[in-house]
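>>> Coordinates for the following, if possible.
(4 chains)
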4 protein chains.
Amino acid sequence: MKTAIFGASGYTGQELIRILTGHPEAELVAVTSRRFASQPVTEVFPSLCGLTALKYQNATPADIAAACDIVFLALPHGISMEMAPIFISAGKKVIDLSADYRLRDVATYEKWYVQHTSAGILKDAVYGIPELYRQKIKDASLIANPGCYPTSIILGLAPALKNKLLAVDTIIADSASGVSGAGREPQTGSLFCEVDGGFKAYKVGKHRHTPEIEQELSALAGETFAISFTPHLLPVKRGILSTIYANLRKDITMPELHSLYSSFYAEEKFVRICPAGSFPNISSVCGSNFCDIGLAVDPRTKRVIIISAIDNLVKGAAGQAVQNMNILCNFKEDAGLQTAPIYP
Amino acid sequence: MKTAIFGASGYTGQELIRILTGHPEAELVAVTSRRFASQPVTEVFPSLCGLTALKYQNATPADIAAACDIVFLALPHGISMEMAPIFISAGKKVIDLSADYRLRDVATYEKWYVQHTSAGILKDAVYGIPELYRQKIKDASLIANPGCYPTSIILGLAPALKNKLLAVDTIIADSASGVSGAGREPQTGSLFCEVDGGFKAYKVGKHRHTPEIEQELSALAGETFAISFTPHLLPVKRGILSTIYANLRKDITMPELHSLYSSFYAEEKFVRICPAGSFPNISSVCGSNFCDIGLAVDPRTKRVIIISAIDNLVKGAAGQAVQNMNILCNFKEDAGLQTAPIYP
Amino acid sequence: MKTAIFGASGYTGQELIRILTGHPEAELVAVTSRRFASQPVTEVFPSLCGLTALKYQNATPADIAAACDIVFLALPHGISMEMAPIFISAGKKVIDLSADYRLRDVATYEKWYVQHTSAGILKDAVYGIPELYRQKIKDASLIANPGCYPTSIILGLAPALKNKLLAVDTIIADSASGVSGAGREPQTGSLFCEVDGGFKAYKVGKHRHTPEIEQELSALAGETFAISFTPHLLPVKRGILSTIYANLRKDITMPELHSLYSSFYAEEKFVRICPAGSFPNISSVCGSNFCDIGLAVDPRTKRVIIISAIDNLVKGAAGQAVQNMNILCNFKEDAGLQTAPIYP
Amino acid sequence: MKTAIFGASGYTGQELIRILTGHPEAELVAVTSRRFASQPVTEVFPSLCGLTALKYQNATPADIAAACDIVFLALPHGISMEMAPIFISAGKKVIDLSADYRLRDVATYEKWYVQHTSAGILKDAVYGIPELYRQKIKDASLIANPGCYPTSIILGLAPALKNKLLAVDTIIADSASGVSGAGREPQTGSLFCEVDGGFKAYKVGKHRHTPEIEQELSALAGETFAISFTPHLLPVKRGILSTIYANLRKDITMPELHSLYSSFYAEEKFVRICPAGSFPNISSVCGSNFCDIGLAVDPRTKRVIIISAIDNLVKGAAGQAVQNMNILCNFKEDAGLQTAPIYP
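This next block holds a predicted model:
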């Protein structure tokens, strides 16, 4: 299976290269970057020395489409939807890591992002959380790989929402992300001196992942609602932790809740439910495709507190993209994704 | 004014030494530590070389009481209440940094901590948040210096609660603290390798600061209620950020809310309200006694989001203790506390 | 091939478990720990959830010898030499990660460590740097896995010393290590608050790795000499960088030096020579078994500067131990060690 | 005394503002920045809220000269020498934090930097290390504030060189700096994800501070020589540690060396000699103007190892600049510089 990455000079692109060079079935044949055109990948990312001999190409989508069976688009939103149709027309499978095909409603997309110029193929896109949409992914031509924050929150709430446990208008998701989520473009806010020793909320009430989260949570619950979502910037490189609060609609004990979550994800290799009383730490999933989930029932306030942790570059981006590719191509779902978390 | 610190070998003790050696009115005459008895302070804390010539003493409370006018107790809970009565009996002022005199209700204290052995003087204790209890502090003999998390949450909510803006049973405080809050005793969970690159919640629904927060918030609101409080451990040395959510009881615009907070704290030197649209960062208060507060009104969910930041060792502990001493002794309230935040 | 780890509760033990659970040929059948006896490994290291079902045993060496073909000793020095003879007598292969069998001269060992109680099998021990002793390792019964600092310095200097390029009495190795090198035992000096934001030298002129480094460098040079070695503590979890200085005995250009190093390590999968003008970064080897080496010739001072980087827990400990096992067992030398560095 | 800062938008500029707003004698009347023209300083640096009401001006040197008695130039090299003559002509004192007036030899400057366009006033410049040039600083009109690396190395070597203890051609300075030394301009190499968890050497044998270090060391020794200087990038915000090696020209014991250093700096408030056997940590000087120095004599190699630590933004830049101003203006030398190190 020949794969290519369009826009492979950022952290997500690098992570895709890292995973694909160790994949037993996929062959990475091309990576593109305007900025680094004709430079070896290893000059930009010395960590990959000895693992790949590829050079960055400044190639057209048509060139890349001719060379591969499946393409990963690791591009900014707005650019992906210019490229994806070209690959689709050429009969290639597309896994898009931008936001361009995640929102099923064009008007919502346009409210939070920009004008949508590819509505034609939007209806064919499948939202790529394997744990929820595995069957649809198998047959998809275009996969909208989920956002990092949404992945952590949706996986954290799915069992509870499917089981109608929550008063949906009380849901609050308080999340914190490592800095790699901001990409590799130099900007003041991502400088070491601005981030280290710090912690802050940003885009309070205004983050673009909000509609994506609400779309999927509403689908799970079978009703439409709004949530509070507050992202924070953590002084770490990788990882997202979401602490999610909701009032219980009905009484449930901690053992019942734990059992319900364990059953829901029993067959899922990449979701781990923490033992009762234990809570996840982003450092326990670092470098891996795991999503760890911890649970608490607070009888004092009749709330559940659900905490989920992922590596934003793996389960929150490149790893989930490869998991989607594996499903699409009928590979073992964990092919190339068996790396244990790096700890400490 | 002669001061002493009983139990000065931890991070809070060190911070008190740091502040008091630069204080224009107070003279630090004695510091105690069993573990480091007769060692110079600077052997334990080389950063203080050239700033103090004190040695740690393994002294009795009576010895220390004889040497000072005012004592800071930087001891574990349970131990403070053994010491405080001795100082009080000797006619000395006590600023206790433990939890022993913070909860006005003995039963509540005993539910969350241990048996209370000093109920006799508990009723005389004043809860030491100057912004709320300045008048009482002036005349106090025993000040219960607030916990670090409570300080950040209480200052963040005070204006809104006093003005009856919030549906009190919807309040959720999601907080994150630097590691110095865990003290200097060696323990696995505070090791660099366990903390760096990580982020996790702990004591979910069970943290001992909960009753202290609820006591003060209930007093502000004039009604009794429970909150959700979730502490997290941040990979930073200093700082607490609390992100607080509550449903609005009545409509209020962001400019109105901002104006209400600005007025409430207009005369307070150590509380800074961020400009609308800006939110605090713990690195902007590091090393200082400031509490920074940012505000948002979310019309989508009819919630307010209030974010407050302090340095847990300063406004959350030693700095606030010195601020209380300044009030008690009729010094300028910011004497010794004028250090600008260290940034970056 | 059945393997066991004696003393598997520290960071090196954990790293061995991580690598061995992903190894295609080795089966990890037992891990021991007195402190965590009968606890599942995943309770101590949640990152390993789903990857191993082993529980820690408080077992005797004889018990473990009966269960495995090869054992890793991840024990403090002094303890290893009590255990190793038992395994050797039982006909099992031993890979010892302590210092007990690294120094060929008993008197030197006793000068820097403690009395040696296992001199009988010391002469059979092979110093386990595969790049230098591969043939001997193949037939060894007891492998002394090298120290982390020594690995970085020996690999950095081997080509230059073998080629008699250096004035050996001018060699200075200035090294810096991540905190995991200090182990997982709680101690003040390894606390997050003591390490983060800091950088210091320690054991200046007195570090126990000095004789091990000198033994191997002298063997490479064919003459005996002393070096200056200064370790520093870095605020990172993993990684060692050694910056090595030496005066040139004869003129050599940078291209010649680069070519000499590239040839020396041409067949070595785990040593990567940086392009001329580039220098290694510990973050580019994190989580991998690579040793990266950068080179400079300074015509102003007639010195070479050689910089090498490893992950102290992998090439500096567990990874090199598994590499040694692979050679010993005739597996592919990189079996289980193909993980790409985790970057960023 | 009216002061101004020309180019106050970077970390050094911020640090000057921080120190000067707390200075008892100096009044900061103007700060310039093209990029942030007419923005309040506190919008760029929220940590300074409540401490200054200044706005950035896009002003000419002539405008600023008219408003102040003394100016700090916190500008890139090459730009400073365009501005300084204007202030000097207007009769104002100049403290230049760039490299433009540090090298007394124009040819050397031009070899390592750019063409020198202000040779006319170069001869009047005094190199601003108070511990070495205090008398000259008193009467200077133009002070060349030293580089950060040079400050740490020169203070570390001065007593030994003045006393002819060292074989000067064996001096090696291995230094490591926090990221703030790279400034606040966004660049890939200073991003959190590039720096955190990493450690690397850079500009090996080629750093521009080399001639400045050699000029001052040669002056101290009374002979001309070259050194090896290797800078490294540390994953911390502030701090420089220099580990310096040199062969002893004559025998000296550790107590003698310690005594010699203690005497040399006996009257210096900002230099602290560590007790024998102790070595400095950058975290023990963080936020302060101290330079800590630790010493070792290694009888095995006949070398001394001298380790010095400073905060690169304080003693390595803004603090030393203010110390120079204090001397120039006949203020107490530690006015505004009494902040204790922030630890932990």
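
>>> what are the ranges of the strands in the stretch 101-250 of chain A?
Remark: strands assigned in the stretch 101-250 of chain A by DSSP state E, counting those that start in this stretch are A:126-127, A:142-144, A:172-177, A:200-201, A:228-233, A:240-247.

>>> Just the local confidence number for A:Ala107, please.
On pLDDT, A:Ala107 comes in at 98.

>>> Counting neighbours, what do you get for it?
8 (other Cβ atoms under 10 Å in any protein chain shown). (Glycine included, C-beta is placed from N, CA and C.)

>>> Look up how far C:Ile95 lies from it.
63 Å (Cβ to Cβ, to the nearest Å).

>>> tell me which parts of the stretch 51-200 of chain A are close to chain B?
On the criterion Cβ under 8 Å from any Cβ of the partner chain, chain B has as its neighbours in the stretch 51-200 of chain A the residues A:169-170, A:172, A:174, A:176, A:193-194, A:196-200.

>>> If we check chain D, which of these are in contact?
A:193-194, A:196-197.

>>> Please give me every residue in contact with A:Leu248.
Contacts were defined as Cβ atoms under 8 Å, 6 or more residues apart in numbering or on different chains; by that measure A:Leu248 touches A:165-167, A:297, A:302-304.

>>> could you dump the residues of the stretch 51-200 of chain A next to chain B to CSV with pLDDT and distance to B:Gln115?
Output for these, formatted as CSV (pLDDT from 0 to 100; distance: Cβ to Cβ, whole Å):
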residue, pLDDT, distance to B:Gln115
A:Asp169, 97, 43
A:Thr170, 98, 38
A:Ile172, 98, 37
A:Asp174, 98, 36
A:Ala176, 98, 38
A:Cys193, 98, 48
A:Glu194, 98, 48
A:Asp196, 98, 43
A:Gly197, 98, 40
A:Gly198, 98, 41
A:Phe199, 98, 37
A:Lys200, 98, 41
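
>>> out of these, what pair is the most spread apart?
Greatest spatial distance in these: A:Asp169 and A:Cys193, 40.8 Å, computed using Cβ to Cβ.

>>> the more surrounded of these two?
Higher neighbour count among A:Asp169 and A:Cys193: A:Cys193, with 26 against 14, using other Cβ under 10 Å.

>>> Does that one touch D:Ser177 like I think?
No. Taking contacts as Cβ atoms under 8 Å, A:Cys193 lies outside contact range of D:Ser177: 12.0 Å.

>>> Would you mind listing what in the stretch 101-250 of chain A touches chain D?
Residues of the stretch 101-250 of chain A found near chain D (Cβ under 8 Å from any Cβ) are A:179-180, A:184, A:186-188, A:190-197, A:235-237.

>>> one more time with 6 Å
Within reach of chain D by Cβ under 6 Å from any Cβ of the partner chain, the stretch 101-250 of chain A has these residues: A:179-180, A:186-188, A:190-193, A:195-196, A:237.

>>> what's the most distant pair in those residues?
Maximum distance among those (Cβ to Cβ): 17.9 Å, for A:Thr188 and A:Lys237.

>>> if you count what's nearby, which of those two comes out ahead?
Neighbour count, other Cβ under 10 Å: between A:Thr188 and A:Lys237, A:Lys237 has more, with 28 against 12.
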